[in-house]
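Peer 1: here is the input, now give the coordinates:
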Amino acid sequence: FCIFRCDFDSCETTCFSHSLPDSHRPPEDSPSHASYAAAFPLAVVGSRSTVQGPNGVAMRARQYPWGNVDVENPAFSDLSILRDVVLCDNTYNLMGTTHSVHYERFRAAHLRRQRQVDDEGESGDAVQTDGCFHDQSEVADLRRKLVKMVSDKEREIEAARTELVNKFDKLKNIHEIEERELRAQLQLVDDELRRY
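Peer 2: Okay, the predicted model is just below:
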């Protein structure tokens, strides 16, 4: 990893900073801080498939012609360190950044788009739907197509409902006829039993 760090430094390539705020930072002498600092940059092997390990236990591994690489084995992959850093140590940082940066950017962009729609909607030139501007004629054409699709679907549903009702009535009539025939046969059997 030292070779990679030297290459990063010489090429002025930035990588993820694993520094934590003072409130979340483990003590400098803690094993987690030392292992995290020594492990960066991380070499992560990932896999979506599971394979049978040598002892018959299923493990998540990447398959190669020469063998399997267990993604949980720290000798081959820094996945466990990455998981700890992202999910354990930096969870609050991730939540805060998501709210303060990403959500605020989304909200500001949404409000700008809404203001544009309000401004342009008053002039009647264009309407914005799902981030795309359309002329009023395009919107009217889309509405006509939508109304036609809905009415066609309603007709299909009504035809299918009518067909089902007809099938139900037919089956009900067949059932009633068979029930009458069975009752008549049962009556004949009862009559014969009374004679004996």
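
Peer 1: in the chain, which spans are helices?
Peer 2: Assigned by DSSP state H, the helices in the chain fall at 2-10, 31-39, 79-83, 91-97, 104-123, 136-195.

Peer 1: nearest to Val71, out of the ones you listed?
Peer 2: helix 79-83 (5.3 Å; Cβ to Cβ). Heads up, the C-betas are built off the backbone N, CA and C, glycines and all.

Peer 1: which residues touch stretch 54-66?
Peer 2: Residues outside stretch 54-66 that contact it (Cβ atoms under 8 Å, 6 or more residues apart in numbering) are 45-53, 68-72.

Peer 1: could you give me the ChimeraX syntax to select whichever of the residues you listed are buried?
Peer 2: To isolate the buried members of the contacts of stretch 54-66 in ChimeraX, using 16 or more other Cβ atoms under 10 Å:
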select :45,47,68,70,71
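
Peer 1: need the max-distance pair from the contacts of stretch 54-66.
Peer 2: Most distant of the contacts of stretch 54-66, by Cβ to Cβ, are Gly46 and Gln52, 18.9 Å apart.

Peer 1: quick revisit: highest average neighbour count across the helices of the chain?
Peer 2: helix 79-83 (a mean of 17; mean count of other Cβ atoms under 10 Å).

Peer 1: for it, the averaged confidence score.
Peer 2: Across helix 79-83, pLDDT averages out at 82.

Peer 1: so what does that helix touch, helix or strand wise?
Peer 2: helix 31-39 (3 or more Cβ pairs under 8 Å, 6 or more residues apart in numbering; DSSP states H and E).

Peer 1: residues near the nearest residue in space to Val45 that is not next to it in sequence, how many?
Peer 2: In space, and not counting its chain neighbours, Val45 is closest to Ser77: 3.9 Å by Cβ to Cβ, 6 or more residues apart in numbering. Using other Cβ atoms under 10 Å, Ser77 has 21 other residues around it.
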